[in-house]
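Colleague: make a model of this:
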Amino acid sequence: MFESVGSLAAGPWIYAVVSLSVLLDVFLPVLPSGVLVITAGTAAAAGSGAATAATGRVPHEVPDLLALVLLAAVASVLGDLVAYRLAWRGGERLDRAIARSRRLTTAQERLGEALARGGGALVVLARFAPAGRSVVSFCAGAAHRRARDFLPWSALAGLSWAAYSVALGYFGARWLGATWLATGVSLAALFGAGAAAGYLMRRRPVA
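Modeller: As a prediction, the model looks like this:
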């Protein structure tokens, strides 16, 4: 089973690929960063289970769960910060672009209200929603929200998303076996969380 799924995510290169994908998907939401993180978690479960059963040891090429979570979370925050700073310096052109979009204008207003109240659940929810991370990061920068108000919530969002995604891959493989079915179910759970987050962001105020 590890050969069918785990071999795709075995080796130290997976850390660099995951980090780069998570970092850049704030600009290109179509990048499969969630797929990569889940696949790496599946590989960790498959490789560690097979190795432990055979030798009692986990080989170095099997992804480490803690390293995956931390690297994905750090890459998420760095991507948010880059988008935030670019939007901060975007000037009038970016302001006009946001003003032309009702969705972006609404997101900017709601984000400002949430951060002003000392709440950032919107930032956390947006990390799970499709393209929500991009909208929130750019809107926070364009509105010149203080970094100390935005970045702690970005860190919590990145850590929550990374831990959830890795856990989906790992426990999916543990419960269903290291198969493509397990990966598919894990991805469905990730997309389901994204759909729920998007619904909550549209339908109810977030503190």
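Colleague: residue contacts, residue 85?
Modeller: Listed by CB atoms under 8 Å, 6 or more residues apart in numbering, the contact partners of residue 85 are residue 141. Quick note: C-beta positions are derived from backbone N, CA and C, even for glycine.
Colleague: next: residue 131.
Modeller: Neighbouring residues of residue 131 by CB under 8 Å, 6+ apart: residue 29.
Colleague: for residue 183, see how far away it is.
Modeller: 23 Å (CB to CB, to the nearest Å).
Colleague: do you have the helices of the protein handy? List them.
Modeller: Here the chain has its helices, by DSSP state H, at 13-24, 33-54, 65-88, 91-100, 102-116, 121-128, 132-142, 147-176, 180-203.
Colleague: redo those as JSON lines? Include mean pLDDT.
Modeller: Shown next, in JSON lines, are the helices of the chain (pLDDT from 0 to 100):
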{"stretch": "helix 13-24", "mean pLDDT": "90"}
{"stretch": "helix 33-54", "mean pLDDT": "72"}
{"stretch": "helix 65-88", "mean pLDDT": "93"}
{"stretch": "helix 91-100", "mean pLDDT": "66"}
{"stretch": "helix 102-116", "mean pLDDT": "66"}
{"stretch": "helix 121-128", "mean pLDDT": "87"}
{"stretch": "helix 132-142", "mean pLDDT": "85"}
{"stretch": "helix 147-176", "mean pLDDT": "91"}
{"stretch": "helix 180-203", "mean pLDDT": "83"}
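Colleague: so what's the residue nearest the centre of the chain closest to, chain neighbours aside?
Modeller: The residue lying closest to the centre of the chain (CA atoms, centre = their mean) is residue 161, at 4.7 Å. Spatial nearest neighbour of residue 161, excluding adjacent residues (CB to CB, 6 or more residues apart in numbering): residue 127 at 4.6 Å.
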